[in-house]
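Engineer: coords below, sequence missing:
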């Protein structure tokens with residue numbers, strides 16, 4: 001048995017918990033807004049807006065809405081908008097979005113359709129965590 005947790009998720013500081021919305025969870029709502037002051041790993045399906053310090057959309061997961069976070073990592077699908085200081089589109093991601101960012105990384109093999117613009121100032125990409 002191997003005790004080596006191999007995952008593609010960036011490490012988060014121990015004082016910031018990671019919340020997980022598992023693959024069996026689907027959340028839909030009018031004007032739905034999810035907020036977390038820590039990290040959020042989305043493995044299911046969400047229609048609504050997401051705000052957090054760090055948001056990861058896992059492989060097989062899908063978000064339709066606006067994601068605003070300091071760090072956004074997309075491995076699954078997103079349709080809407082991404083607003084982040086650091087936006088990463090991983091290899092098998094499928095993203096149809098307008099992206100406002102300070103730093104953008106698009107991996108080879110990622111599918112991206114939309115627009116990209118540099119944030120004029122940090123307030124454009126700062127999540128509302130209140």
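Structural biologist: Received the coordinates, thanks. Computed from a predicted structure; not experimentally measured.

Engineer: for this protein, what spans make up the helices?
Structural biologist: Along the chain, counting by DSSP state H, no stretch forms helices.

Engineer: So what's the residue count around the residue lying closest to residue 119 once chain neighbours are set aside?
Structural biologist: Closest residue to residue 119 apart from its sequence neighbours, by Cβ to Cβ, 6 or more residues apart in numbering: residue 125 at 4.8 Å. C-beta coordinates here come from the backbone N, C-alpha and C atoms, glycine included. Applying other Cβ atoms under 10 Å, we find 24 other residues in the vicinity of residue 125.

Engineer: Quick check: residue 125 touching residue 99?
Structural biologist: No: taking contacts as Cβ atoms under 8 Å, residue 125 lies outside contact range of residue 99: 9.9 Å.

Engineer: what touches both of these two?
Structural biologist: With contacts defined as Cβ atoms under 8 Å, 6 or more residues apart in numbering, the residues adjacent to both residue 125 and residue 99 are residue 83.

Engineer: Could you give the separation of the lengthiest strand in the chain from the chain centroid?
Structural biologist: As far as residue count goes, and with DSSP state E defining each element, the longest strand of the chain is strand 26-42. Its chain's C-alpha centre and that of strand 26-42 lie 10 Å apart, by Cα atoms, centre = their mean, to the nearest Å.

Engineer: Which strand residues bridge the residue nearest to residue 34 when sequence neighbours are not counted?
Structural biologist: Taking Cβ to Cβ, 6+ apart, and ignoring the residues beside it in sequence, residue 34 has residue 50 as its nearest neighbour in space, at 4.8 Å. Residue 50 forms beta bridges with residue 34, residue 67, as assigned by DSSP bridges.

Engineer: Just the pLDDT for residue 50.
Structural biologist: pLDDT, the model's per-residue confidence, is 96 for residue 50.

Engineer: from memory it sits against residue 66, does it?
Structural biologist: Yes: under the criterion of Cβ under 8 Å, residue 50 makes contact with residue 66 at 7.4 Å.

Engineer: Which of those two has more residues huddled nearby?
Structural biologist: Neighbours of residue 50 and residue 66, each counted by other Cβ under 10 Å, are more numerous for residue 50; the result is 26 against 17.

Engineer: Residue 62 pairs with what?
Structural biologist: Applying DSSP bridges, one finds that residue 62 bridges with residue 45, residue 77.
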